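Enquirer: Quick one, fold the following:
(one chain, ligands or ions: 1)
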Amino acid sequence: MSIALSAKAGSFTESVIREMTRLNLALHGPERAINFAQGFPDFEPPPEIVEAAQEALAAGGAYHQYATTWGAPALRQAVAHKKSAEWGLPVDPEREVTVACGATESMMAAMLATVDPGDEVIVFEPFYENYGPDCILSGARPRYVALRPPDWSFDENELRAAFNERTRAIVVNTPHNPTGKVYRREELELIAELCHRHDAVAITDEIYEHMVFEGEHISIATLPGMRERTITISGASKTYSITGWRIGWLIAPPELTSGIRKVHDFLTVGAAHPLQIAVAAALGFPPSFYDALLEEYRERRDVIVRGLREVGFQPNPPAGAYYVMAGIEGLTDRDDVAFAHWLVETAGVATVPGSSFYADRELGRRLIRFSFPKRLSTIERGLDALRQIRS
Ligand code: PLP
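Expert: Prediction:
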């Protein structure tokens, strides 16, 4: 007897990013393999956050049991406090904040709570690879709007034409993975105008909100009239270098929040309770923490962009986040997938083929994505390995 997968599970593939990481480790082992594929740090998180987690575990009692399903009060209050200050708008921890297992679960819960089968969701392309399966799992039809290099801008008319009576939501990821684009105010104003006109929800993924090298981070929720129709997603993975803790959150108006909380409850019940308590402490870090984080990432960005140029890639310096999309023209005749495999085999360097971020895979055939949340010494080691392939 052959057991068939559901049509949904059968319609997307395993994550290419995690596949490249695994392949590289299998071939070269953890000592030699350089991971420029998956966006996680190879350095330690701030010691204060680890201590806060240890304290929560040692305190025991209720922390060993389920937290309130939509988030431990301390974390919801910390999220609301930080965001109210940044936005200059009140955020109600009781009715507007939901804690979930990372931005990943947050996006899934947001879509399941707002979108019905047959609805359309607008997604900018290239996109973070989860958004495609998120749309499929929620029954939505994704409609793609192109971001074009070198500045990854989109065409106003193309965006206007993408909105129609079936549009239920638009996903905005700023700063953007994989391009590093930081959406400008005029771009967000246009998106806001179209959301109003078509009664659509903006679902924004702002997980890289503290990594903006050029321009400024603007939450679309702060634009006039958008707070009522925006679901803002962020989390602790990137800012505090704890991608394995799986803590993220959503901020949305009460009606949307009630739907999100129901979906979240049946997806996961809740995120790890002691870790929620530790992240609540981290959200109180002073501004100097975020300044230092940014400067460290700026240095990593500059080193990798310069090094990739020297090797012969055509890197597009990112304005935010921690990825570089780089052209491979002149370096190889292989396509992106064959070249990324070849880099793993010959250099022990894992990257991600550009086509993984496009629905129309041909658009990414001459691009490779590098991620750089790594020690400078790791970045240098990776660049050295890449220099060898030229010699
Ligand atoms: N959103 C974007 C744009 C990302 O790049 C990533 C991780 O790479 C995530 C979400 C995942 O976030 P989390 O670890 O909070 O699930």
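Enquirer: Assign the nearest residue to R361 once chain neighbours are set aside to helix, strand or coil.
Expert: In space, R361 comes closest to S355 once its chain neighbours are excluded; the distance is 3.9 Å by Cβ to Cβ, 6 or more residues apart in numbering. The C-beta positions use only the backbone N, C-alpha and C, and glycine is treated the same way. Secondary structure of S355, reduced to three states by DSSP: H, G, I helix; E, B strand; the rest coil: helix.
Enquirer: contacting residues around S355?
Expert: Contact partners of S355, counting by Cβ atoms under 8 Å, 6 or more residues apart in numbering, are D335, D336, V337, R361, E362, L363, G364, R365, L367.
Enquirer: distance of the second one from A350?
Expert: Separation of D336 from A350 (Cβ to Cβ, to the nearest Å) stands at 13 Å.
Enquirer: And for the fifth one?
Expert: In this structure, E362 and A350 are 23 Å apart, going by Cβ to Cβ.
Enquirer: Between those two, tell me which one has more neighbours.
Expert: Neighbour count, other Cβ atoms under 10 Å: between E362 and A350, A350 has more, with 28 against 9.
Enquirer: The more buried one contacts A37, doesn't it?
Expert: Yes: contact criterion Cβ atoms under 8 Å: A350 and A37 qualify, at 3.8 Å.
Enquirer: Now do the shared contacts for those two.
Expert: M20, T21, N24.
Enquirer: Just those residues: which are in helices?
Expert: Among the shared contacts of A350 and A37, the residues falling in helices (DSSP state H) are M20, T21, N24.
Enquirer: Reformat the residues you listed into a markdown table and put distance to M325, neighbour count and pLDDT next to each item.
Expert: What follows is those, written out as a markdown table (distance: Cβ to Cβ, whole Å; neighbours: other Cβ atoms under 10 Å; pLDDT from 0 to 100):
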| residue | distance to M325 | neighbour count | pLDDT |
| --- | --- | --- | --- |
| M20 | 15 | 26 | 87 |
| T21 | 18 | 20 | 88 |
| N24 | 19 | 28 | 92 |
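Enquirer: hey, where'd the strands end up in the stretch 251-391 of the chain?
Expert: With strands called from DSSP state E, counting those that start in this stretch, the stretch 251-391 of the chain shows them at 314-316, 323-327, 349-350, 352-353, 367-371.
Enquirer: ok, back up a step: how near is the residue nearest to R361 to I34?
Expert: 22 Å.
Enquirer: swap in V172?
Expert: 32 Å.
Enquirer: One more: T204?
Expert: 32 Å.
Enquirer: Which one's more surrounded, the two?
Expert: T204 (28 against 24).
Enquirer: Pairing partners for the strand or helix carrying that one, with directions?
Expert: Using DSSP states H and E, the element containing T204 is strand 201-205. Strand 201-205 has the following sheet partners, assigned by DSSP bridges: strand 167-173 (parallel), strand 230-235 (parallel).
Enquirer: Just confirm C195 is within a helix.
Expert: Yes: counting by three-state DSSP, C195 is found in a helix.
Enquirer: Surely it is in contact with A202?
Expert: Yes: assessed by Cβ under 8 Å, C195 is found in contact with A202 at 5.4 Å.
Enquirer: Surely N173 touches E209?
Expert: No: with contacts counted by Cβ under 8 Å, N173 stays clear of E209, the gap being 10.9 Å.
Enquirer: so where do the helices sit in the stretch 251-391 of the chain?
Expert: 254-268, 273-282, 287-311, 336-347, 376-390 (DSSP state H, counting those that start in this stretch).
Enquirer: quick one, which of those is packed in tightest?
Expert: Neighbour counts (mean count of other Cβ atoms under 10 Å) averaged over each of these peak at helix 273-282, with a mean of 23.
Enquirer: Kindly export that helix (C-alpha atoms) in PDB.
Expert: Extracted C-alpha coordinates of helix 273-282, given in PDB (Å, rounded to 0.1, in the frame of the first residue of the first chain):
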ATOM      1  CA  HIS A 273       7.700  29.400  29.900                       C
ATOM      2  CA  PRO A 274      11.200  29.900  31.500                       C
ATOM      3  CA  LEU A 275      12.500  31.300  28.200                       C
ATOM      4  CA  GLN A 276       9.600  33.700  28.000                       C
ATOM      5  CA  ILE A 277      10.600  35.100  31.400                       C
ATOM      6  CA  ALA A 278      14.200  35.500  30.300                       C
ATOM      7  CA  VAL A 279      13.300  37.300  27.100                       C
ATOM      8  CA  ALA A 280      11.100  39.700  29.100                       C
ATOM      9  CA  ALA A 281      14.300  40.600  31.000                       C
ATOM     10  CA  ALA A 282      16.200  41.100  27.700                       C
END
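Enquirer: Which secondary structure elements does that helix sit against?
Expert: helix 47-59, helix 73-87 (3 or more Cβ pairs under 8 Å, 6 or more residues apart in numbering; DSSP states H and E).
Enquirer: What residues of the shortest one count as buried?
Expert: Right, helix 47-59. Residues of helix 47-59 classed as buried: I49, A52, A53, A56 (neighbour count, 16 or more other Cβ atoms under 10 Å).
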